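In: A structural model of the following input is requested.
(2 chains)
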Amino acid sequence: MENRAIARLLGETADLLEISGGDPFRIRSYRRAAEAVENSAEPLSSLARDPKRLQQIPGIGKGMAANIEEIEARGSTPLRDELLARYHPALLELLKLPGMGPKTVALLWESLQVGSVEQLEAAIEAGKLRTLPRFGDKLVEKLRRGVADYRKNSGRFLLDAAEEAAEQLSRYLLQFGGITRVTPAGSLRRGRETVGDLDILATGPACAEDTVRDAVAHTAAYPPIADLIAKGQNKVSFHLRSGLQVDVRLLPEASYGAALQYFTGSKTHNIALRQRALKLGYSLSEYALSRLEDGSVAASGGEEEIYAALGLDWIPPELREGSGEIEAAAARSLPALIEQADLRGDVHMHTRATDGRNTIAEMAEAAIARGYEYIAITDHSKNLAMTNGLDDRRALEQIRRIRECDAEMEGRIRILAGIEVDILGDGGLDLSNEVLAQMDVVIASVHSLFQQPREEMTARILKAIENPFVTILGHPTGRLLLRREAYALDLVAILKRAAALRVAVEHNASPERLDLRDVDLRLASEMGCGIVVNTDAHHTSHLDKMRYGIRQLRRAGLRKQDVLNTRPLPEFLAGLRRGS
DNA sequence: GCCGTTTTCGGCCCGACTGTTTTCAGTCG
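Out: Residues are numbered from 1 along each chain as shown, chains lettered A, B, ... in the order given. Here you go, the predicted structure:
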């Protein structure tokens, strides 16, 4: 079973346990285990036979290792079976409604036999909720709205949409005299591919205790607000019209570092950090790191000083997922993560020859403006007819135009000739080897393989990448690989053979499609498969999306040397040949 | 259920907001 599926079962058990009123600490240990499993770089299915190795994962002890083994063996645990016999699985959906926690779910179930979103809706309409203790008009109304919102959108937002919303809100907040700094925190700062809600931190003289009231009022008056969820002393929560939930905190300068640390999360990271603080005689809150003995402040203004006071190197937000980063920071062994400035080239982009918007020269100029030393023009091959894909003849013509344009650049940038070739149903390619041999970069993608029997896909991908001219395994293969369970792909076999795996930035992806997982990038790197990050730009402006790809690599803990297109051109090209 | 410079028992992160209450429970991040 895939790690993610195991994690889901453990998390589900935690939810059910919570509804049943179980021991909070036992619940927490299931949650911790779920996160540990999800973040594990190694597939647990390979570890499950060896309890000793399972137990080396922090948060997994003897009992949890046994649970995981049983999940691997038969898909559930005795505790989970018992809980599911008592509670309907649809109860778990109820937990997703705002204002609905385990206690309320249990109450609704036990007193009204309400066990699903549908039944809750019916109970609200029938006025049954008002008979329960603690259920006033406001709570019932909140649940009614919650059900409506749940039906409307239960998804997360793409990083770039969240970033855009954050920038707009920042501009508005900064108009208010005395708000001097606005910083996005939460999963946006951690660079998650999708963002569930937006955490925004604001500070400045206006956020001091005696004046914050006006700043809060200004925040709550933000025009795009669809509905206000909460307004407190220094916190405002609301939904934007897009449905994105935003939490704004207005805090005095003195506690900005502690607040930024706190609101950046992740939750797991923060819990681990607080435990460490306690051991060292401190207490950490969103206001300060303070000494337990007398409550005096040890650090609060900046993140660096807080981490330093706890004996840690500053931890980049992308690594704050509670997966060993604190231990690494204590041992001074955090990786020096790749930076955008390390990149020397973007090697996947389209032009007007197929479905791009710009010419070769325009793409090259845009790349020069972004400081690149080389690019590759990689239009589609003929199998993607709807994009006007290139056949052998047009591909040769395109190579000639690229070479010509490259010469005209007079060394300002190198333009490589490339192609995004399709892996056909039988594992063959839709351009001839004679043409592929003249390309500098051949990205093999799997558009048409989706139609094929799933159990044969591994063999077909392997056959395709055996072609000596194929240099990068590309889109949407990456996503396919990640859903290896669903598509029955042998990820390890493929990564062992592939020269390089492309990490693409999907400029037009939906949240469901954008699910490249950090662990797979690490795994690919460990298997000796090169990593290439590129944008798949169809327009010059798409080149700016590279920053999202960089965030993904950073979250996977990758360094400059792990990524091929940080290298000078000759070494980049050499890196595309497996084993060299 | 996990974990150990508090080490095999007895701990386990912290604070704010809301609604329905008059001292607090539940939810949330």
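In: Which positions in the stretch 151-300 of chain A make contact with DNA strand B?
Out: For the stretch 151-300 of chain A, the contact set with DNA strand B under C-beta under 7 Å from any atom of the strand comprises A:186, A:197, A:199, A:230-235, A:245, A:247, A:263, A:267, A:270-271, A:274-275, A:278-279, A:283-287. (C-beta placed from N, C-alpha, C; glycine too.)
In: Tell me the secondary structure of residue A:248, please.
Out: Following DSSP: H, G, I helix; E, B strand; the rest coil, the label given to residue A:248 is strand.
In: again, but for residue A:376
Out: What three-state DSSP gives for residue A:376 is strand.
In: list the contacts for it?
Out: A:345, A:346, A:347, A:348, A:349, A:415, A:416, A:417, A:418, A:440, A:441 (C-beta atoms under 8 Å, 6 or more residues apart in numbering).
In: Show residues contacting stretch A:273-288.
Out: Here stretch A:273-288 has contacts from A:251, A:255, A:258-259, A:261-263, A:289-293, A:297-300, A:306, A:309-312, A:326, using C-beta under 8 Å, 6+ apart.
In: related to what we said a few turns ago, which among the residues of the stretch 151-300 of chain A next to DNA strand B count as buried?
Out: A:186, A:197, A:199, A:234, A:245, A:247, A:263, A:270, A:274, A:284, A:286 (16 or more other C-beta atoms under 10 Å).
In: Okay, and the third one sits in which element?
Out: Taking DSSP states H and E as the definition, residue A:199 sits inside strand A:197-203.
In: Pull that strand out as CSV, backbone CA atoms only.
Out: This file holds the C-alpha atoms of strand A:197-203, laid out as CSV (Å, rounded to 0.1, in the frame of the first residue of the first chain):
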residue,chain,number,x,y,z
ASP,A,197,-6.1,29.0,3.7
LEU,A,198,-4.0,32.1,3.7
ASP,A,199,-2.2,33.3,6.9
ILE,A,200,-1.1,36.9,6.7
LEU,A,201,1.0,38.6,9.3
ALA,A,202,1.0,42.4,9.6
THR,A,203,3.0,44.6,11.9
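In: what are the pairing partners of that strand, and which direction each?
Out: strand A:181-184 (antiparallel), strand A:245-251 (parallel) (DSSP bridges).
In: and among those, the most buried is which?
Out: strand A:245-251 (a mean of 22; mean count of other C-beta atoms under 10 Å).
In: gap between it and the chain center?
Out: Counting by C-alpha atoms, centre = their mean, to the nearest Å, strand A:245-251 is centred 22 Å from the centre of its parent chain.
In: and the next element down the chain from it?
Out: helix A:256-264.
In: any idea of the mean pLDDT for that following helix?
Out: Looking at helix A:256-264 alone, the average pLDDT works out to 93.
In: for it, packing partners?
Out: helix A:186-189, strand A:197-203, strand A:245-251, helix A:267-279, strand A:282-284, helix A:303-309 (3 or more C-beta pairs under 8 Å, 6 or more residues apart in numbering; DSSP states H and E).
In: one step back: need the residues that contact the strand holding residue A:199.
Out: With C-beta under 8 Å, 6+ apart as the criterion, strand A:197-203 contacts A:162, A:165-166, A:169-170, A:173, A:179-189, A:215, A:219, A:244-253, A:256, A:259-260, A:263-264.
In: Now with 6 Å, please.
Out: By C-beta atoms under 6 Å, 6 or more residues apart in numbering, the list of residues contacting strand A:197-203 from outside reads A:162, A:166, A:173, A:179, A:181-186, A:245-251, A:253, A:256, A:259-260, A:263.
In: isn't residue A:59 right up against residue A:36?
Out: Yes: using C-beta atoms under 6 Å, residue A:59 makes contact with residue A:36 at a distance of 4.1 Å.
In: can you state the direction angle for the strand holding residue A:199 and helix A:256-264?
Out: Strand A:197-203 and helix A:256-264 are oriented at 180 degrees to each other (axes from the mean of the first three to the mean of the last three C-alpha atoms, to 10 degrees).
In: Alpha carbons only: can I get the helix or strand following strand A:197-203 in PDB?
Out: Next helix or strand after strand A:197-203 toward the C-terminus (DSSP H and E): helix A:212-220. Taking C-alpha atoms only, helix A:212-220 is exported to PDB below (Å, rounded to 0.1, in the frame of the first residue of the first chain):
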ATOM      1  CA  VAL A 212      -4.600  48.000  16.900                       C
ATOM      2  CA  ARG A 213      -8.400  48.400  17.000                       C
ATOM      3  CA  ASP A 214      -8.300  50.800  14.100                       C
ATOM      4  CA  ALA A 215      -6.000  48.600  12.100                       C
ATOM      5  CA  VAL A 216      -8.300  45.700  12.700                       C
ATOM      6  CA  ALA A 217     -11.300  47.800  11.500                       C
ATOM      7  CA  HIS A 218      -9.300  48.700   8.300                       C
ATOM      8  CA  THR A 219      -8.600  45.000   7.700                       C
ATOM      9  CA  ALA A 220     -12.200  44.000   8.200                       C
END
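In: Quick check: buried residues in the next helix or strand after helix A:212-220?
Out: Going down the chain from helix A:212-220, the next helix or strand is strand A:225-231, by DSSP H and E. For strand A:225-231, the neighbour count (16+ other C-beta under 10 Å) marks A:225, A:229 as buried.
In: packing partners for strand A:225-231?
Out: strand A:235-240 (3 or more C-beta pairs under 6 Å, 6 or more residues apart in numbering; DSSP states H and E).
In: which residues does residue A:256 contact?
Out: By C-beta under 6 Å, 6+ apart, the neighbours of residue A:256 are residue A:203.
In: got it, and residue A:531?
Out: A:525, A:562, A:563.
In: tell me, how many neighbours does the closest residue in space to the second one that isn't next to it in sequence end up with?
Out: Put plainly, it is residue A:562. Counting by C-beta to C-beta, 6 or more residues apart in numbering, residue A:525 is the residue found nearest to residue A:562 once chain neighbours are left out, at 5.1 Å. Neighbours of residue A:525 under the rule other C-beta atoms under 10 Å: 21.
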